[in-house]
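In: Okay, predicted coordinates and the sequence, questions at the end:
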Amino acid sequence: MLRLLLRPVRRLRPLLPSSSSFSGSSGPTQNWTETIDYLDESGSVISTSPGARPVIPSQDSTFLAGSVHIPVSRPAAAARLASLALRHPWGPELSARLDSLPSPPCMSVLLSSMSCLPSSDPTPCLSLFNWAKRQPWFEVEKSEPLFNVILQRLKGSVQSEQILNLFDEMLSLSEKNPELLRHFFPSLNLSIQSLARSSLLEPSFSCFKKLKDRNFTQFNTQTFNSLITLFLTKGLLFKAFEIYESMESSNCSLDSETYELMVPALAKSGRLDAALKLFNDLKLKNPTKNKPSFSVYSSLIDSMSKAGRLDSSLNLYKEMQNHGYKSSNSLSSSIIESLLKSGKLESAIEIWNQMRQSGFKPSFSLYTLMVESNAKSGKSNTALELFNEMEKSGFFPTPGSYTSLIEMFSNSGQVDQAMRVYGSMVNSGIRPGLTAFSSLLSVLAKKKFIDLAAKVLLEMKASGFQVEINASDILMVYIKEGSVELALKWLKFMESSGIRTNNFILRQLFESCMKMNNYQNALPLIQTYILSGGKVDLILYTSILAHLVRSQNEENESIIMSILSNTKHKSHEFLCGLFTGPEQRKKPVLSFVREFFQTLDLENEQNSAKYFINVLLNYLVLMGQLNRARCIWKVAYENKLFPKAIVFDQHIAWSLDIRNLSIGAALISTIHTLHRFRKRMIYYGVVPRRIKIVTGPSLRMVVGKVLERMESPFEISKVVLRGNGEEVLEWFKKPIVQQFLLNEIPSKGDVLMHRLNVVFPCSAPDLRAKDMFNKGAAFVK
């Protein structure tokens with residue numbers, strides 16, 4: 001009532017600047033245009049208050065009181081703008097309402113109004129911001145908080161286009177003014193983080209690359225973490241490492257989230273050294289606060305265990321327990337598995353016992369792993385104990401558990417235990433696997449339980465497995481052991497069951513029968529080998545011929561000849577043609593031999609051809625076919641099968657090396673080479689100082705005795721026969737030497753032929769006429 005009785009009196013009075021100005025800058029001071037004095041009845045002044053003053057454009061939010069602009073407080077102005085934006089979220093109507101304001105708001109009022117808008121709907125905030133950008137009073141230098149407010153309200157999964165537009169707008173503004181790039185760094189980081197957290201890989205990385213290309217260095221840790229998380233989630237480890245390297249190069253500090261991301265990622269990718277370095281940095285950075293999390297320990301321990309760095313893995317495992325972390329079943333299983341694979345069964349059992357004592361119940365897979373590992377290590381008692389414990393815990397044994405036990409008992413040779421587990425496995429309805437069958441068949445074969453092995457093999461075949469390989473393996477076991485009878489019995493079982501073996505094993509069994517002089521069973525084997533597509537090479541044919549050379553039984557010789565005939569090898573045709581007459585061959589022996597050598601692949605079969613020549617010359621010498629033998633030696637030397645056998649060292653020394661030849665080949669080569677030496681010395685007058693025959697310790701006595709019977713001048717030493725050139729020339733002139741070297745051996749009654757037959761018992765060769773001397777010399781030439 002007293003206020004109503006007072007009479008206001010207006011007077012002009014200068015006052016302080018208006019407290020309602022919220023521009024935030026020190027603008028020009030404006031005085032009040034009038035002052036109101038409140039008087040009592042006596043005219044005394046009770047109080048004085050400001051009246052009105054002119055409005056400051058772009059600084060004051062005002063309302064009209066008649067024709068006077070009255071200042072409004074900042075919260076009221078911000079609420080006014082926010083109410084307009086909420087009432088008209090977008091469109092021309094909002095722009096018209098905002099344009100009709102008596103006075104434009106300042107940047108701080110605009111920020112306050114945008115901040116008080118609800119964050120669930122960014123449309124009013126974005127519309128208000130778009131209207132303000134078009135106004136002349138909009139200050140770009142102070143616009144970063146506005147961008148930040150909008151970006152906080154935009155959801156990258158829905159409004160990614162608006163985020164990208166704002167990002168591009170900030171970049172375009174910074175192109176005009178490079179200093180703005182540093183000014184916008186919070187909003188730029190926030191835009192990348194929003195896109196990355198919404199799993200938008202390409203947009204977020206594109207924004208990151210754009211800033212990197214502009215030498216932007218104000219990335220914060222959250223930006224790097226969001227990008228690293230995104231790339232790890234997408235499985236792009238190399239890109240995550242690239243972001244991490246950019247983080248290091250930009251000297252950005254690593255926080256605990258970065259360590260939590262990078263240490264497991266580096267460990268799982270195999271970069272254990274880098275992971276350990278980061279792990280140690282995390283512990284040293286702040287030992288009291290930055291305790292590594294369980295996921296960091298778990299990833300490091302698991303990766304290092306799988307990489308074989310078990311000592312470091314166990315140390316980390318103990319350190320993790322000291323920090324109070326409780327190991328998980330998966331982590332313990334991983335460590336135990338790695339220890340078992342490296343053969344450290346005792347350490348694995350120690351961790352196993354720790355798990356049991358801490359109250360963990362082992363999983364089914366862990367039980368299975370322990371049973372199989374102990375079984376494979378030969379600890380049968382521990383394996384059976386764990387197997388029974390596994391059954392008591394309610395876990396049904398797996399085929400792998402049964403298989404490991406069967407394999408363990410099979411490897412230790414415990415046939416009864418292996419068959420008992422096999423029977424239990426079959427009775428429980430589990431079909432044995434290939435490993436179980438193979439292990440059981442292996443021990444049965446080694447123990448020579450052939451009937452039981454046949455029964456298990458037929459059960460394996462009934463289960464749908466291919467049994468040819470396993471049956472062939474058993475056959476190979478008997479062959480390697482030399483049990484030819486068991487091998488033949490098993491082969492007969494295979495044939496009766498319709499199980500085929502390969503030609504390699506048939507050949508091995510055939511060769512074993514030949515070595516055991518079991519020629520009667522070898523004959524059908526070679527026939528089966530040929531019918532199944534097997535190829536008889538020169539080595540196999542030569543080995544059969546070697547048995548014929550060594551045989552002293554006519555019945556066996558007949559069977560071996562049948563075997564040679566069944567091979568159908570070209571060498572057999574050559575051997576048969578070699579023993580026929582010139583009328584049937586229709587060509588001389590030398591031409592026939594040369595044609596045969598042309599069919600041989602001497603480049604690839606040189607060793608095989610040498611073996612064949614040695615054995616064949618043995619056979620021809622024993623059969624008394626010296627002339628044919630000399631033809632074969634001559635052609636073999638022409639084809640350079642024995643290139644270093646004969647050496648002519650001008651007038652100093654001539655030598656013959658027969659150390660690597662058979663007895664027959666050595667005798668024939670000695671005779672033929674001495675004949676060549678004789679012709680060069682007598683016909684051409686070339687006489688060396690010495691002649692030597694290198695025999696080696698095995699052929700020294702054989703060749704020496706043959707030459708000694710003809711009173712040769714060669715001296716017999718340990719490995720060489722030596723003779724003076726002049727003395728050998730005189731020896732060559734003796735008639736008996738001429739007959740010997742020209743193969744003109746008179747008869748069985750002759751002393752020389754008698755002594756030769758003592759060494760090589762055989763029928764005497766056909767006698768040749770003495771007038772063939774000159775013809776024979778020309779033929780050899």
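Out: Looks like it arrived, so ask away. Numbering: from 1, shown residues only.
In: Surely Q552 is within a helix?
Out: No. According to DSSP: H, G, I helix; E, B strand; the rest coil, Q552 belongs to no helix; its state is coil.
In: so where do the helices sit in the stretch 601-750 of the chain?
Out: Listed in chain order, the helices of the stretch 601-750 of the chain (DSSP state H, counting those that start in this stretch) span 606-622, 626-638, 663-683, 696-708, 725-732, 735-741.
In: Nearest to S404, out of those?
Out: For S404, the closest of those is helix 606-622, at 46.6 Å, according to Cβ to Cβ. Backbone N, C-alpha and C define where each C-beta goes, glycine included.
In: which parts of that closest one are buried?
Out: Residues 608-622 are the ones in helix 606-622 that count as buried (16 or more other Cβ atoms under 10 Å).
In: picking up where we left off before, how about TSV for the helices of the stretch 601-750 of the chain, with mean pLDDT added?
Out: What follows is the helices of the stretch 601-750 of the chain, written out as TSV (pLDDT from 0 to 100):
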stretch	mean pLDDT
helix 606-622	90
helix 626-638	88
helix 663-683	87
helix 696-708	84
helix 725-732	87
helix 735-741	78
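In: out of the ones you listed, which comes closest to K133?
Out: Comparing the helices of the stretch 601-750 of the chain by Cβ to Cβ, helix 606-622 comes nearest, at 92.7 Å.
In: Dump that closest one to CSV, restricted to CA.
Out: Output in CSV follows, covering the C-alpha atoms of helix 606-622 (Å, rounded to 0.1, in the frame of the first residue of the first chain):
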residue,chain,number,x,y,z
GLN,A,606,73.6,-96.4,-66.0
ASN,A,607,73.9,-98.0,-62.6
SER,A,608,71.3,-100.6,-63.5
ALA,A,609,73.1,-101.4,-66.7
LYS,A,610,76.4,-101.9,-64.8
TYR,A,611,74.7,-104.2,-62.4
PHE,A,612,73.3,-106.2,-65.3
ILE,A,613,76.6,-106.5,-67.1
ASN,A,614,78.4,-107.7,-64.0
VAL,A,615,75.8,-110.4,-63.3
LEU,A,616,75.5,-111.4,-67.0
LEU,A,617,79.3,-111.8,-67.4
ASN,A,618,79.3,-114.0,-64.3
TYR,A,619,76.7,-116.2,-65.8
LEU,A,620,78.4,-116.4,-69.2
VAL,A,621,81.8,-117.3,-67.6
LEU,A,622,80.1,-120.0,-65.6
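In: and it, what other elements does it pack with?
Out: With contacts taken as 3 or more Cβ pairs under 8 Å, 6 or more residues apart in numbering; DSSP states H and E, helix 606-622 sits against helix 538-550, helix 570-578, helix 626-638, helix 663-683.
In: got the angle between it and helix 570-578?
Out: 30 degrees (axes from the mean of the first three to the mean of the last three Cα atoms, to 10 degrees).
In: what angle do helix 606-622 and helix 663-683 make?
Out: Using the same axes, to 10 degrees: helix 606-622 against helix 663-683 is 80 degrees.
In: now helix 606-622 against helix 626-638, angle please.
Out: Orientation of helix 606-622 against helix 626-638 (the same axes, to 10 degrees) gives an angle of 160 degrees.
In: on that earlier part again, include mean neighbour count and distance to F205 when you put the helices and strands packed on helix 606-622 into TSV, please.
Out: Compiled in TSV, these are given as follows (neighbours: other Cβ atoms under 10 Å; distance: least, Cβ to Cβ, whole Å):
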stretch	mean neighbour count	distance to F205
helix 538-550	19	67
helix 570-578	17	73
helix 626-638	21	77
helix 663-683	21	80
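In: what's the helix or strand hosting A383 in contact with?
Out: Counting by DSSP states H and E, the element that carries A383 is helix 380-392. The contact list for helix 380-392 (Cβ atoms under 8 Å, 6 or more residues apart in numbering) reads 367-368, 370-371, 374-375, 397, 401, 404-405, 408-409, 412, 414, 417.
In: at 7 Å instead, please
Out: Contact with helix 380-392 is made by 367, 370-371, 374-375, 397, 401, 405, 408, as judged by Cβ atoms under 7 Å, 6 or more residues apart in numbering.
In: And for stretch 144-160?
Out: Contacts to stretch 144-160, defined as Cβ under 7 Å, 6+ apart, come from residues 110-111, 114-115, 119, 122, 125-126, 129, 162-163, 166, 170, 183-184, 186-187, 190-191, 194-195, 197-198, 200, 203.
In: Can I get the strand or helix carrying L444 as PDB, trimmed to CA atoms?
Out: Of the helices and strands defined by DSSP H and E, L444 is found in helix 434-446. Only the C-alpha atoms of helix 434-446 are listed here, as PDB (Å, rounded to 0.1, in the frame of the first residue of the first chain):
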ATOM      1  CA  LEU A 434      40.500 -95.300 -37.900                       C
ATOM      2  CA  THR A 435      43.200 -94.700 -35.300                       C
ATOM      3  CA  ALA A 436      41.800 -97.200 -32.900                       C
ATOM      4  CA  PHE A 437      41.600 -99.900 -35.600                       C
ATOM      5  CA  SER A 438      45.100 -99.100 -36.900                       C
ATOM      6  CA  SER A 439      46.600 -99.200 -33.400                       C
ATOM      7  CA  LEU A 440      44.900-102.500 -32.600                       C
ATOM      8  CA  LEU A 441      45.900-104.100 -35.900                       C
ATOM      9  CA  SER A 442      49.500-102.900 -35.400                       C
ATOM     10  CA  VAL A 443      49.900-104.600 -32.100                       C
ATOM     11  CA  LEU A 444      48.200-107.800 -33.300                       C
ATOM     12  CA  ALA A 445      50.500-107.900 -36.300                       C
ATOM     13  CA  LYS A 446      53.600-107.400 -34.100                       C
END
